[in-house]
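> Fold the following for me, if possible:
(chains A, B and C)
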Amino acid sequence: MLTMSSVSKSFLGARVLHGVSLDLEPGEVHALVGENGAGKSTLMKVLAGEYTPDEGTITLDGTPRAFSHPVQAQAAGIALIHQEFALLPHRTVAENVFLGREPVRRGLVDRRAMERRTAELLAELDETGIDPRMQVRELSVARQQTVEIVKALAASDVRVLVMDEPTAPLADHEVELLYALVRRLAARGIGILYISHRLREVFDLSRRITVLKDGRKVAALTTAETTPDEVVRAMVGRELRSYYPPRAEPGEIGEPLLTVTDAGNERLTGIGLTLRAGEITGVAGLQGSGRTSLVRALFGAAPFTHGRMTVTGRTLLPGSPRQAIRGGIALVTEDRKAEGLALRQSVRDNALLVTRAVSGVGTREVGGLLERVALRSRGQGQEVRYLSGGNQQKVVIAKWLAARPRVLLFDEPTRGVDVGAKSAIHTLVRELAREGLAVLIVSSELPELIGMSDRILVMADGALVGELPAGAAEEDVMRLATGDTAGPYEGSAA
Amino acid sequence: MTTTTTTTESPIPNTAVRAVRRLGTGAPVYALLVVLLAALAITDPGFYEPDSFLAFVKRAAPLVILAAGQYLVIVSGGFDLSVGAVVTAGVVAGAEFYGSYPDAHWLLVTAGLLVAGAVVGLANGLITTRLRVPSFITTLGMMLILEGAVFYWTGGSPQGVLPQSFREFGRGTAGGWLPWAVPACVVVGAAAVWLMRSDFGRTLLATGDSERAANLAGVRVPRVRTLAFVLSGAAAALAAVLVAGFSGVSAQAGRGLEFEAITAVVLGGVLLGGGRGSVVAAMVGAFSLQALFTLLNLQGISGALESTVQGVIVIAAVGLGATGRPGLNRPRRHRSQPSGGTSS
Amino acid sequence: MTAVPSGSAAPVATHRPHALGRVRLGDPVVAVWLAALAVTLVGWIVVVMDGGEFMTRSTVTGILQNSVALGLVAVGQSVVILTGSLDLSVAYLVSLGTLVAAEMMESGSVLTAVLAVLALSAAVGLANGLIVTGLKVNAFIATLGMAFILRGYIEDTYTGPAGHVPASFRRLGYDRIGFVPVSVLLLLAVAVVAWLITRRTRVGHHMYATGGDEHAARLSGVRTGRTVVLAHVLCSLCVGAAALFLAARLGAGAPWAGTDARYDLESIAAVVLGGTALAGGRGGVTGTLGGVLVLSVLDSIFNQLSVDPFFKNVVRGVVIIAAVALYARPRSDRAAGRPRRAGRGRVKPGGAPGLPGQEQSA
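Numbers count the residues shown, from 1 in each chain, chains lettered A, B, ... in the order given. Presented below is the predicted three-dimensional model:
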C-alpha cells in the first residue's frame, strides 16, 4: 500500500537520512525503532509532509506522491500523531476534531453536525468517556491522545497512521487501552507505523520491525521470527552487557547524608529513607507512582507538608529549592529544556546559574567542571539550545556540581540522551558517588536503574513499598511496583 | 578518581570574532546609528561641533536612561508602561514640592524623587510577581493611577516654579561646557553594563529566559523580577529630573515616553518576552531614535510628520531584523528538530 | 458561552465536570457581568445615600451612551486579542476617522463619508495585519508604529476640529428610542456581528485556534496568517464605527477624539476586564461588553458624586489591576481534581505572538 524508497534528507549540510526504504501493508502494525537521533522522527515527518525529502520517492496505492505541506499528506490519507499533541486545551473536543475543516451550514459552523460526527467517530473506537462538548483540558492525557487520533480519522480517509512514541505520555494503566485502540484501527485496514523504543510494546503489537541507526536502515525483521536481543543489537550496533560502571564496594559506602522519616504531602505518604555517602540508590515505580513527586519533595520544589528530614546532620525540611540547595541538595530534573536550562543563555551562564543565584554556595571555576563532565561544545559562550541532548544534560550536571552538593538527585538522568553520552553520564554518576556524594536515581528504564543502583527502592501509590539489593531481577522490581501482577515493563534498552 | 578523557574544545582565541559575536544580538541597531549619524553629518556639517553634539547627547539622555531601565524589565519577561507617567509625576511633584518648600536643597529633592520612582517600581513588581497580574496590565493601571493622582493633587494644571539649582542638572553644564546630562548618561550606561555582567544581571537574563529553570536553580524569581521594576522606576525618576531641568513643568512632560523607550529597546534587538538582548544595544537604540528625531528636524520635516517617519522606520527596522530571527514574534517554542525543511 | 442547547447528539457522557447549563461563577464572563451588576447596586446605594439620584432615565441613558464609543473599540480589540495579536493604533484611527467623516460629510454625501471611513479603517487594519504576519513584526511594535504613522499624518494635516457633520447624521449620536440611545443599537449590532463571526463561523473558530496555539492551528490546516489579517481588519472596522459615532456626537472631526480618551489602552483594559486572556485563544465579545459596562457605570457614579475627574483615573487603575489579579488567582476547583503530569505529551500552553510575556510563574 505504502512504499518509501531511498529517502534522504539533510539539515544544514548534516545528513540525517541515508536512502531509507520502508513499506507498509493495509492493517499492518509496522514498528520503527532506533536510538534517539537515529532518524525515526525525521523519516516520519518526511512521510507526513512536514519535511520535503532531498531524494527518494513516496508511493501510496501505486501513485507517486510528493507532499510539501502536512495538509496535503493528510488529504492523501497519511496522518501523524505527534508526541506533543496539536490540541487547543480551551476548545471543545468537537472543535478540535474539526479544526480547519469545520462543517458549514448557511455560512455558520454547524456545531451540531460537528458534535454528532465526533460522537460517531468516538463510538466507532468504543470510546464512551468523552463528550464532544467537553473542553480538551478537562480530559486525561490518554483521552487527549484519543481525540488526536479521532481528529486524524475525521480529516480524511486515513490509510496510514504514524504514531510517534504514543505511550510516552501515558500512565501505565492507560497503555493497555492504547494497545486495544491500535488493534482496532489496524483491524479497519489502516496501516500503522509505530515508532517506539520500548521493545515490549513493539513485540506486543507489531508484525514487522524496521531498525534505524544513524539515519540508515540496519535491519528489517519479522517480529515473530526475531528476539528483543537481536533488535537491540541492531539498534546499538553492539552487545549491551558491561554497559554500566562497577557498583560500590561495601567499604565505599559511608555515613548517612540524608534521612527522611515519616514524611508526606498530598501525593506522598509515610516516606522514610536514608541516602548514604558513596551509595547510588535507585527508585523504581510505574509512572504516576510518585517517583517524581518524591525527588521534588526532597528538593523542596513540591515540598513535604509534614515529616522530619536531616541533611548532613542538620534538620531541614526544605520548603523551596533554594533551601534545599543551601542544605547541599541538587536535583537534575526530568524535563531538561523547561526546567534544567535557560536555553538562550550560554554554557557558562547556565553552569554558573546556581552559584550566582544562591550566594555563599559553590564555585565559579566552571572550566574544570565542564571538562570533568566531558562537555563537547564550541566554547563556554555557546548558547545551550544549540547543544545535543547529551551535552545539554552535561551542562545541567556541571551546573549542580558547581554548587558543591552532598546529595545529588537525578530524575531520568539519561532521557533524550544518545548512547555515547549516556554511558559517559553513567560513569560520571558513579565517580561522583565514589567521591562521597549520596546519589538517588529515578528512571523508567529498568535496565539502567538496575545497572546503576547499589540498592533499589520501589514505589507505588505515593509510598515506598519495598527495597531490593543491587542486581535485582527486573521481574522482582515489577512485581513490587505493580503489586504482584506483572505489568508492562518499560523498555529493555536505550 | 580518573575522569573521562574528552575535553571541551578550547574557547575561540580570536577576541575580535568574539566581540563581533557579542555585538551580534544588536548588530542592526549599530548600523542604523552609524547611518543616522552619517546622515546628520551630511545634513548639518556643524553637528559634530562639540557644543551641538553634546547638546544632542543631552537631549537623548532621558530616553537613553529610560531605555536602560525598560531593558531590565523587558529582558526579565515583562513590560513597564508606567515610566512615562513616572516622568510626568516626577516633574509635577517636584514643582509642587518647591511650591510648598521653596528652600529645599536640590539634592534632597532629587534623591526624594529617585526613591519615589523606586517605590512605584516596587509596587509594579510586587503586583506582577505576587498577584500574578501580567505586567502589561499592572503598569498600565499604574500609569492611570499616577496620572490621575498627580492631576487630582494639582487640580489639573500643575503650578510652581522649579528653582535654578534643581534645574541645573538638566539644563546646566559642568565646567561651562559639559552638560550634566552627559556624565549622567555615561554613569547610567556604565552602571547598566556592570549590572548586566554581575550575578544579578546574568540571573535576570536566565529568569527572563526560563522562569521555571531559574526557580529550580534557587533563584528568588519574584525578588529578581521586582528589582528590575524598581530599577526601571528609579531610572524613570532620574529621567524626570533631567526633563524637568530642560523643559520645565508641564502636564505633558512624560507623555508617550514609555512607548519611545520600548521602541528604543526593541530597536536594539532585545527580545520582547525576555531572555535575550544587550543593554548597550538598547541604549544605542535610544540614541538612534533621538538621532532620527534630530535628523527629521534638520531635514525640515514638520514636527508632526516626524512621528510618521518614526513609525515607518521602527516597523522597517524590526521587520528587517525579524526576517533572520523567526522566533522574534513568538514566545519560545522548544523543538528538538531543526525546522529547515518545514514549508509554509 | 460554551453552551449549546441541543439535546440530541450527545453520546453517553459518563461524567461532565461542569454541567453546561449551570452558571459558573469562576467563568470570567459571568464574573464580569456580576461585577457590573454589583458595581451598579453599590453605586446606587452610595449615590442615594449621598442625596443624589441614580438609575434614573437620564443616568441610564448616560451610562449606555458613554459605553458606545469604548464599546465599539473594545469589541474590535477583543477580536484581535483573542487571535493572539493586539492593536495599539486604534486611538489615532478613531481620531482620523472622525476627521475624514466630518470633512467628507461637509463636502459630499453622508453615505460616501461612511463608506470612506470604513474603507480607510479596513485599509489600516489590512496594513497592521500584513505587517504582523508578513514582515513578522511583533504586534505590539507593528501597531505602535502604525499609531505613530497615523499621529504624524493627523498632526501634520489638522490643527484643530475640522469638517461639519450634518444634522441628519448627528441623530446617530443623540436620538433615542425610549431611554435607549440609537447608538447603543449600533453597538449591539456590531457586537452581535462580532460574536457571530468569532463564535459561529469557520474563520472565528480559526481565530480562537490561532490565538490558542498558532503552531497547532497551522498543523491542522488553518491559514493562520490570513486569520490574523482578517482579525485586524475586523478590529479596525469596529474602530471605524466608533469614529462615525463620535463624529455624530461631536458634530465635527477632532484630532484628539481618540487619543484624549486613551481608546488604545482603555480598550485593552476593558477586554482584559472582560476575561479575555491577553495571550489569546480564550474569552470573547460578551465579556468585553461587561468590562465596558463596569467602566462606564463607575464613571457615571463618580459623576453623580462629583468626584474629581482625575481621581476617576486612579480608581480605574486600581479596578483594572484588582480584577486581573482576581482572574489570575489559581482556581482551586480545577487544580484539585486533576493530577498534574510532567510536560511530555500534554497539550502545550498557548503562546502569544502579540505579547510574549512569560508571567505565569512556576
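> Next one: the residue nearest the centre of chain C from chain A, what distance?
The C-alpha lying nearest the average C-alpha coordinate of chain C belongs to C:A74 (C-alpha atoms, centre = their mean; 1.8 Å). Note on C:A74: its distance to chain A, by C-beta to the nearest C-beta, to the nearest Å, is 21 Å. No exception for glycine: its C-beta is placed from N, CA and C like everyone else's.
> from memory that residue sits against C:T286, does it?
No. Assessed by C-beta atoms under 8 Å, C:A74 is found out of contact with C:T286, at 11.8 Å.
> Need the residues touching each of those two.
Common contacts of C:A74 and C:T286 (C-beta atoms under 8 Å, 6 or more residues apart in numbering or on different chains): C:G274.
> what residue lies at the spatial centre of chain B?
Taking C-alpha atoms, centre = their mean as the criterion, B:A67 is the residue nearest the geometric centre of chain B, at 1.0 Å.
> and the residue of the stretch 51-200 of chain A found nearest chain B, what helix or strand is that in?
Shortest the stretch 51-200 of chain A-to-chain B distance, computed as C-beta to the nearest C-beta: residue-wise this is A:Y51, at 3.5 Å. Under the criterion DSSP states H and E, no helix or strand holds A:Y51.
> Count residues in the vicinity of it, would you?
28 (other C-beta atoms under 10 Å in any protein chain shown).
> Same check on A:A187?
For A:A187, the tally of surrounding residues (other C-beta under 10 Å) stands at 9.
> from what I can see it touches A:G27, true?
Yes. Here A:A187 lies in contact with A:G27, judged by C-beta under 8 Å, at a distance of 6.8 Å.
> any idea how far the residue in the stretch 251-400 of chain A that chain C sits nearest to lies from B:A281?
Here the stretch 251-400 of chain A gets closest to chain C at one residue, A:D335, 4.6 Å apart by C-beta to the nearest C-beta. Using C-beta to C-beta, to the nearest Å, we find A:D335 at a distance of 32 Å from B:A281.
> neighbour-wise, which of the two wins?
B:A281 (26 against 19).
> so the more buried one sits right up against B:G269, yeah?
Yes. Counting by C-beta under 8 Å, B:G269 is a contact partner of B:A281 at 5.3 Å.
> and the residue nearest to the centre of chain C, what is it in contact with?
Contacts of C:A74 (C-beta under 8 Å, 6+ apart): C:266-267, C:270-271, C:274, C:288-289, C:291-292.
> Which helix or strand contains it?
Element membership for C:A74 (DSSP H and E) is helix C:57-82.
> ok, and for that helix, which residues are buried?
When burial is assessed from 16 or more other C-beta atoms under 10 Å in any protein chain shown, helix C:57-82 yields the following buried residues: C:59-82.
> and the gap between the closest residue to B:L267 other than its chain neighbours and B:Q70?
Closest residue in space to B:L267, ignoring its immediate chain neighbours: B:G285 at 3.7 Å, by C-beta to C-beta, 6 or more residues apart in numbering or on different chains. With distances defined as C-beta to C-beta, the gap from B:G285 to B:Q70 amounts to 10 Å.
> Just flag the most distant two among the contacts of C:A74.
With C-beta to C-beta as the measure, no two of those lie farther apart than C:E266 and C:L289, at 14.2 Å.
> Who has more neighbours out of those two?
A side-by-side neighbour count of C:E266 and C:L289, using other C-beta under 10 Å, places C:L289 first with 26 against 23.
> Next one, pLDDT for the more buried one please.
Reading off the confidence values, C:L289 has pLDDT 96.
> Kindly report the same for B:V265.
Model confidence at B:V265, given as pLDDT, is 93.
> what does the one 4 residues further on give?
The model reports B:G269 with a pLDDT of 87.
> which stretches of the stretch 51-200 of chain A form helices?
Counting by DSSP state H, counting those that start in this stretch, the segments of the stretch 51-200 of chain A that form helices are A:70-76, A:93-97, A:111-124, A:141-155, A:172-187, A:199-205.
> For burial, what's the neighbour tally of the closest residue to chain C within chain A?
In chain A, the residue that lies nearest chain C is A:P169 (2.2 Å; C-beta to the nearest C-beta). Residues lying near A:P169 (other C-beta under 10 Å) number 21.
> residues from the stretch 51-200 of chain B in reach of chain C?
Applying C-beta under 8 Å from any C-beta of the partner chain, one finds that the stretch 51-200 of chain B approaches chain C through B:77-79, B:81, B:127-129, B:131-138, B:140-152, B:156.
> And those residues, which of them are buried?
Restricting those to buried positions leaves B:77-79, B:81, B:127-129, B:132-138, B:140-152, with burial counted as 16+ other C-beta under 10 Å.
> Just give the nearest non-adjacent residue to A:A302, would you?
Nearest one to A:A302, counting by C-beta to C-beta, 6+ apart, is A:R296 at 4.2 Å.
> Quick check: which element contains the one you found?
With secondary structure defined by DSSP H and E, A:R296 is part of helix A:291-298.
> counting contacts, what elements does that helix pack onto?
strand A:256-264, strand A:280-285, strand A:329-332, strand A:407-411, strand A:438-442 (3 or more C-beta pairs under 8 Å, 6 or more residues apart in numbering or on different chains; DSSP states H and E).
> Run through who's touching that helix.
Around helix A:291-298, the neighbours that count as contacts under C-beta under 8 Å, 6+ apart are A:258, A:260, A:263, A:265, A:267-268, A:271, A:283-285, A:302-304, A:309, A:318, A:324, A:329, A:331, A:334, A:407, A:409-411, A:440, A:442, A:459, A:462, C:342.
> same check, this time on stretch A:453-467
By C-beta under 8 Å, 6+ apart, the list of residues contacting stretch A:453-467 from outside reads A:247-248, A:253, A:264, A:267-273, A:279-286, A:289-291, A:293-294, A:441, A:449-450, A:468-470, A:472, A:477, A:480-483.
> repeat for stretch B:305-322
For stretch B:305-322, the external contacting residues (C-beta under 8 Å, 6+ apart) are B:28-29, B:32, B:263, B:266-267, B:269, B:289, B:292-293, B:296-297, B:301, B:328-329, C:131, C:135-138, C:141-142, C:144-153, C:155-156.
> quick one on the thing from earlier: right, so the helices of the stretch 51-200 of chain A: which one is the most enclosed?
Most buried of these by mean neighbour count (mean count of other C-beta atoms under 10 Å in any protein chain shown) is helix A:93-97; its value is a mean of 28.
> can you map out the strands along chain C?
Counting by DSSP state E, chain C forms strands over residues C:176-177, C:180-181, given from the N-terminal end onward.
> got JSON lines for these, with mean pLDDT and distance to A:V429 too?
JSON lines is the format used below for the strands of chain C (pLDDT from 0 to 100; distance: least, C-beta to C-beta, whole Å):
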{"stretch": "strand C:176-177", "mean pLDDT": "87", "distance to A:V429": "78"}
{"stretch": "strand C:180-181", "mean pLDDT": "88", "distance to A:V429": "74"}
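> Nearest approach to A:T210 belongs to which of those strands?
Within those, the stretch nearest A:T210 is strand C:180-181; the backing value is 70.7 Å (C-beta to C-beta).
> Sheet partners, orientation included, of the closest one?
Note on strand C:180-181: by DSSP bridges, its sheet partners are strand C:176-177 (antiparallel).
> Near chain B, which residues of the stretch 151-300 of chain C are found?
So far as C-beta under 8 Å from any C-beta goes, the stretch 151-300 of chain C lies against chain B at C:151-157, C:214-215, C:218, C:265, C:268-269, C:272, C:278.
> Pull out the buried members of those residues.
Among these, the ones that count as buried by 16+ other C-beta under 10 Å are C:151-156, C:214-215, C:218, C:265, C:268-269, C:272, C:278.
> Out of those, name the ones that lie in helices.
C:151-156, C:214-215, C:218, C:265, C:268-269, C:272 (DSSP state H).
> still on that earlier bit, quickly note the distance from the residue of the stretch 251-400 of chain A closest to chain C to B:T128.
For A:D335, the distance to B:T128 under the criterion C-beta to C-beta works out to 25 Å.
> where in chain A is pLDDT low?
When residues are selected by pLDDT under 70, those of chain A lie in A:12-13, A:36-37, A:172, A:197, A:237-242, A:419, A:483-494.
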